[in-house]
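S.K.: Sharing a sequence plus its predicted fold:
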Amino acid sequence: QVQLVESGGGLVQAGGSLRLSCAASGRTFSNYAMGWFRQAPGKERVFLAASSASGSSVYYADSVKGRFAISRDNAKNTAYLQMNNLKVEDTAVYYCAASPAYPTTRAGAYPYWGQGTQVTVLS
């Protein structure tokens, strides 16, 4: 079992930046691929970014490529999502997820999820 806790969400003006953190506990963090997803009201949960267990391979959705960056510090059992040039349409609840398998864009492939953190981008 892996427990995940997101933090770092909040209110930000359009064009601004936020860094989300995902603190993991319970199992060896460096054995898990990590993913970030978001869900806006009335919409499905969508993939944003993923990292291999070592952090050497990363993947992004086209919608955030060049603006968002996923990283991890295995010594601190923490994954991050740096979000730059935020847009109003980035407003959503952001979730981190962990998988013992390879990183993937499919939410169903991640058995462990955090509770989510709200990001609101103001125009």
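M.R.: Everything's here; your move. Fair warning: this is a prediction, and the values are worked out from it, not measured in the lab.
S.K.: Tell me where the chain has strands.
M.R.: Per DSSP state E, the chain carries strands over the ranges 3-7, 10-13, 18-25, 33-39, 46-51, 58-60, 68-73, 78-83, 92-99, 112-113, 117-122.
S.K.: List just the one of those strands that sits closest to Arg106.
M.R.: Nearest to Arg106, of all the strands of the chain, is strand 46-51, at 7.5 Å by Cβ to Cβ. Using the backbone N, CA and C atoms, a C-beta is placed for each residue, glycine as well.
S.K.: I'd like the average pLDDT over that closest one.
M.R.: Averaged over strand 46-51, pLDDT sits at 98.
S.K.: in the sheet, who's paired with the residue nearest the centre of the chain?
M.R.: Nearest to the mean C-alpha position of the chain, by Cα atoms, centre = their mean, lies Trp36 at 2.5 Å. Beta bridges link Trp36 to Ala49, Cys96, judged by DSSP bridges.
S.K.: Wait, it touches Met83, no?
M.R.: No. Taking contacts as Cβ atoms under 8 Å, Trp36 lies outside contact range of Met83: 9.5 Å.
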